[in-house]
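1. next input, structure requested:
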Amino acid sequence: MCTNFKHPVAKDGTVCVGRTMEFPDVLPWELGVLASDHVGKSESSSNGKTWSAKYGIVGVSGFGKPWFADAMNNAGLSGHLLYMPDHATYYAAKNDGTDIGILEGLAFILGTCSNTTEAKAALASLNFVNWVPKEVPVPLPLHIILHDKDSCVVAEFHPDGMVVSDNPVQVATNAPYFDWHLTNVANYLSLSAENPKPVNIGGTAFAASGRGQGFRGLPADENSPSRFIRVLANVQFAQQPADQKSAEMDTVRILHGFDLVPGTVMEETPNGLMPLLTMWSTVSNLTGSRYIYNTIGDPQWYAIDLAKTDFSKTRSMPFTTTGGFVDLTV
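-> Numbering: from 1, shown residues only. Presented below is the predicted three-dimensional model:
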């Protein structure tokens, strides 16, 4: 389970993308930095994709590898891998220099592309193969969401080939396929930020008893189609922020509306039944070149300024896993 969205553009032009990661606690998440001169080679086949990066990357990775689940580069392009159970079909290796694994995809795309137009061309050069590294204990049915300041692209892996779509609503969740979610939007056109007008029945006026009734019918469960509509409603009716700080804070407010209470959603794993947890959430400030995150173990939000990040070397560091409350004497 994951939720991804672009917040409305601020009055000063700030563009922020938010993302949650809901997953069982089975992976060693960490913060990764990939050098701007990184030379990559896919491990997915004997003759996998090779590339030379032009842009530095900061994001959430794992296992000390450049296997990013979420990241942005210093050109203002962000990438996000979202879960797609039963809706991701990877392909047989071609061994012709196009093969790549899904976990390697963001390192290549963000390392070589500055916007979604370039990213679409880069995607067309790839053959995503059915490759799961031995370190990873779970299957990897995923799709790719890419944002620049103006647009969003979705790449899905259908049985008959990869499908790359422009995303006009600029939100995404999980299965089923993206075109289904767009069709489903038409079922919720009556949602409104305003209360319905009073109605007169038999000479008696009936009015809403409180504010917020315009959202009656908004789905509240945690299933992917419901979260798609819920986050789209939040984005559609969100007030335009004034500036960068307001845009980042408002993106965080939407993200917290999708935090899971531990135990409310359970999933079968190789270790048995486990709760899905909001392991971490991120804000990619595409215009301000800031990557902001918090984790399940530390609700403090940390902001990384990519303009001040050393992209001369590749490295990773563990997340902060303790903290959250600041003692205060009054």
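2. which other helices and strands contact the lowest-mean-pLDDT helix or strand in the chain?
-> For the chain, using mean pLDDT, DSSP states H and E, the weakest element among its helices and strands is strand 266-269, scoring a mean of 90. Packing partners of strand 266-269 (3 or more C-beta pairs under 8 Å, 6 or more residues apart in numbering; DSSP states H and E): strand 272-275. (Glycine included, C-beta is placed from N, CA and C.)
3. what lines up beside the following helix or strand past the strand it packs on in the sheet?
-> As assigned by DSSP states H and E, the chain's next helix or strand after strand 272-275 is strand 277-285. Applying DSSP bridges, strand 277-285 is found paired with strand 16-23 (antiparallel), strand 290-295 (antiparallel).
4. send the alpha carbons of the shortest one over as PDB?
-> Read it as strand 290-295. The C-alpha trace of strand 290-295 is given here as PDB (Å, rounded to 0.1, in the frame of the first residue of the first chain):
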ATOM      1  CA  ARG A 290      14.500  19.600  -0.900                       C
ATOM      2  CA  TYR A 291      13.800  15.900   0.100                       C
ATOM      3  CA  ILE A 292      11.900  15.700   3.300                       C
ATOM      4  CA  TYR A 293      11.000  12.500   5.200                       C
ATOM      5  CA  ASN A 294       9.900  11.000   8.500                       C
ATOM      6  CA  THR A 295       9.700   7.400   9.700                       C
END
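5. C-terminal to it, what's the next element?
-> Taking DSSP H and E, what comes next after strand 290-295 is strand 298-305.
6. buried set for that following strand?
-> Going by neighbour count (16 or more other C-beta atoms under 10 Å), the buried part of strand 298-305 is 298, 301, 304.
7. adding pLDDT and distance to residue 132, write these out as TSV.
-> Output for the buried residues of strand 298-305, formatted as TSV (pLDDT from 0 to 100; distance: C-beta to C-beta, whole Å):
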residue	pLDDT	distance to residue 132
298	90	29
301	94	32
304	97	29
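8. could those residues go into JSON lines alongside distance to residue 228?
-> Below are the buried residues of strand 298-305 laid out as JSON lines (distance: C-beta to C-beta, whole Å):
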{"residue": "298", "distance to residue 228": "28"}
{"residue": "301", "distance to residue 228": "25"}
{"residue": "304", "distance to residue 228": "28"}
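9. just those now: which is nearest residue 250?
-> In terms of C-beta to C-beta, no member of those lies closer to residue 250 than residue 301, at 13.0 Å.
10. report pLDDT for the nearest residue to that closest one once chain neighbours are set aside.
-> In this structure, residue 301 finds its nearest non-sequential neighbour in residue 294, 4.7 Å apart by C-beta to C-beta, 6 or more residues apart in numbering. pLDDT, residue 294: 95.
11. residue 294 and residue 99, how far apart?
-> 35 Å (C-beta to C-beta, to the nearest Å).
12. now do the contacts for the residue nearest to residue 301.
-> Contact analysis of residue 294 by C-beta atoms under 8 Å, 6 or more residues apart in numbering lists 280-281, 300-302.
13. just give me the closest of those residues to residue 95.
-> Using C-beta to C-beta, the contacts of residue 294 come closest to residue 95 at residue 280, 35.6 Å.
14. quick one, grab the pLDDT at that closest one.
-> 97.
15. which residues does it contact?
-> 20-21, 29, 60, 293-296, 319.
16. looking at the buried residues of strand 298-305, which one is closest to residue 224?
-> residue 301 (25.4 Å).
17. could you pull up the residues touching that closest one?
-> Contacts of residue 301 (C-beta under 8 Å, 6+ apart): 252, 283, 292-294.
18. of all those, which two lie farthest apart?
-> 252 and 293 (10.5 Å).
19. of the two, which one has the most company?
-> Neighbours were counted for residue 252 and for residue 293 using other C-beta atoms under 10 Å; residue 293 has more, 25 against 17.
20. who's the more buried one bridged to?
-> residue 282, residue 302.
21. what about it, distance to residue 192?
-> Residue 293 is 33 Å from residue 192, by C-beta to C-beta.
22. same check on residue 61?
-> Taking C-beta to C-beta, one finds residue 61 at 41 Å from residue 192.
23. just residue 252 next, same as before
-> Taken as C-beta to C-beta, the span from residue 252 to residue 192 is 24 Å.
24. what's stretch 219-236 in contact with?
-> Under C-beta under 8 Å, 6+ apart, the answer for stretch 219-236 is 1, 3, 5-8, 169-176, 180-181, 184-185, 188, 191, 215, 218, 254, 257-258, 260, 264-265.
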